[in-house]
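Visitor: With the sequence up front, the predicted model follows.
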Amino acid sequence: MALFPGSALVTGAASGIGRQVAISFIQEGCSRIALLDRNAEGLEETSQLCKQIDPAAHVFKLEFDARNEKDIDLAISAAHHALGRIDYALDVADFDDVTTINYRGLWIAQRAEISHMLKQEPLATHDGRPGNRGAVVNIASNLGIVSRPETPAYNGSKAAVVSLTKTDAIDYSKHNIRVNCVCPGLVQTPMTKDLPPDDPAMFVAPMGRMAQPQEVADAVLFLCSSKATYIQGAALSVDGGYTIN
Ligand SMILES: NC(=O)c1ccc[n+]([C@@H]2O[C@H](COP(=O)([O-])OP(=O)(O)OC[C@H]3O[C@@H](n4cnc5c(N)ncnc54)[C@H](O)[C@@H]3O)[C@@H](O)[C@H]2O)c1
């Protein structure tokens with residue numbers, strides 16, 4: 001059996017990390033995916049990229065605004081309706097409107113995804129081990145773990161995502177739903193395009209370079225997969241060693 005026999009839902013799918021996660025799900029054999037974002041053009045591009053890899057994949061795309069609770073609930077319900085179930089859910093959003101999107105929007109989306117996961121039976125797994133009812137992966141940040149100057153609202157919103165992840169991991173363990181987060185360091189996406197190549201932030205991580213979106217997507221897919229059935233409430237650093245000290 002494939003490692004991803006279920007259905008994936010990706011928010012922030014029009015760009016950067018979310019786009020790469022969507023592409024990686026399709027590359028790794030997931031054949032049902034919902035792409036959500038507020039950027040229609042980017043969504044269409046991601047959808048085309050997915051279909052180029054697997055023309056037979058069921059790719060559902062929908063515009064939504066992560067600042068609007070009703071919009072989020074409607075979008076997640078529409079995605080669930082289109083896919084039949086939600087097994088792997090990735091929640092990301094933009095640097096702008098920091099608290100509203102990074103924290104509030106993510107929590108509302110996660111709550112909506114879990115409400116659907118609660119109603120479905122656990123998914124079969126690649127090697128027959130007992131599966132989970134669903135897996136949520138949130139995108140936090142290295143700045144949710146350690147602090148740096150001048151971005152207090154962003155850092156605070158990401159620390160909140162780490163805390164929310166751990167609390168929901170406790171609360172939904174009894175329902176066999178896993179909730180984890182990935183904490184990327186600097187990643188080469190549109191979000192960081194204005195960062196000068198000699199910016200000191202680039203050299204805090206011992207590895208001395210930015211991540212490619214693929215390197216973050218790899219961690220997201222691992223946490224969603226049935227190779228991570230006992231990983232719960234983790235804040236997995238994918239930061240080139242940024243948070244070692
Ligand atoms: N790039 C980095 O260096 C880095 C580092 C650590 C954490 N992160 C986190 O990773 C996540 C993704 O970042 P990225 O680098 O891929 O950024 P990106 O700008 O490439 O992608 C963000 C996506 O979110 C969408 N979005 C923004 N606001 C929205 C809204 N209100 N409703 C719906 N969609 C909305 C955008 O349209 C875009 O497609 C963010 O949560 C970011 O904080 C990024």
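Guide: The structure has been received and is ready for your questions.
Visitor: C-alpha from now on. contacts and neighbour counts both.
Guide: Fine.
Visitor: Point out the other helices and strands that the helix or strand containing Ala89 packs with.
Guide: For Ala89, the enclosing helix or strand under DSSP states H and E is strand 88-91. Using 3 or more CA pairs under 8 Å, 6 or more residues apart in numbering; DSSP states H and E as the contact definition, the elements that strand 88-91 packs against are strand 7-11, helix 106-117, strand 134-139, helix 213-224.
Visitor: gap between the residue lying farthest from the centre of the chain and the ligand?
Guide: If you look at how far each residue of the chain sits from its centre, by CA atoms, centre = their mean, the farthest one is Asp198, at 28.7 Å. Computed with CA to the nearest ligand atom, to the nearest Å, the distance linking Asp198 and the ligand is 15 Å.
Visitor: Identify the residues contacting that residue.
Guide: Remark: with contacts taken as CA atoms under 8 Å, 6 or more residues apart in numbering, Asp198 is in contact with nothing.
Visitor: send the alpha carbons of stretch 148-167 over as PDB?
Guide: What follows is the C-alpha trace of stretch 148-167 in PDB, where atoms were taken according to Å, rounded to 0.1, in the frame of the first residue of the first chain:
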ATOM      1  CA  ARG A 148      15.300  37.400  17.900                       C
ATOM      2  CA  PRO A 149      15.000  41.200  18.000                       C
ATOM      3  CA  GLU A 150      12.400  43.300  16.200                       C
ATOM      4  CA  THR A 151       9.700  40.800  15.400                       C
ATOM      5  CA  PRO A 152       7.800  40.400  18.700                       C
ATOM      6  CA  ALA A 153       4.300  39.900  17.200                       C
ATOM      7  CA  TYR A 154       5.500  37.300  14.700                       C
ATOM      8  CA  ASN A 155       7.600  35.400  17.300                       C
ATOM      9  CA  GLY A 156       4.700  35.500  19.800                       C
ATOM     10  CA  SER A 157       2.200  34.200  17.100                       C
ATOM     11  CA  LYS A 158       4.600  31.300  16.300                       C
ATOM     12  CA  ALA A 159       5.200  30.400  20.000                       C
ATOM     13  CA  ALA A 160       1.400  30.300  20.300                       C
ATOM     14  CA  VAL A 161       1.200  27.900  17.400                       C
ATOM     15  CA  VAL A 162       3.700  25.600  19.200                       C
ATOM     16  CA  SER A 163       1.700  25.800  22.400                       C
ATOM     17  CA  LEU A 164      -1.700  25.200  20.600                       C
ATOM     18  CA  THR A 165      -0.100  22.200  18.800                       C
ATOM     19  CA  LYS A 166       1.000  20.600  22.000                       C
ATOM     20  CA  THR A 167      -2.300  21.300  23.800                       C
END
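Visitor: For it, buried residues please.
Guide: 154-166 (16 or more other CA atoms under 10 Å).
Visitor: Same check on stretch 234-245?
Guide: Neighbour-count burial for stretch 234-245 flags 234-240, 242-243 (criterion: 16+ other CA under 10 Å).
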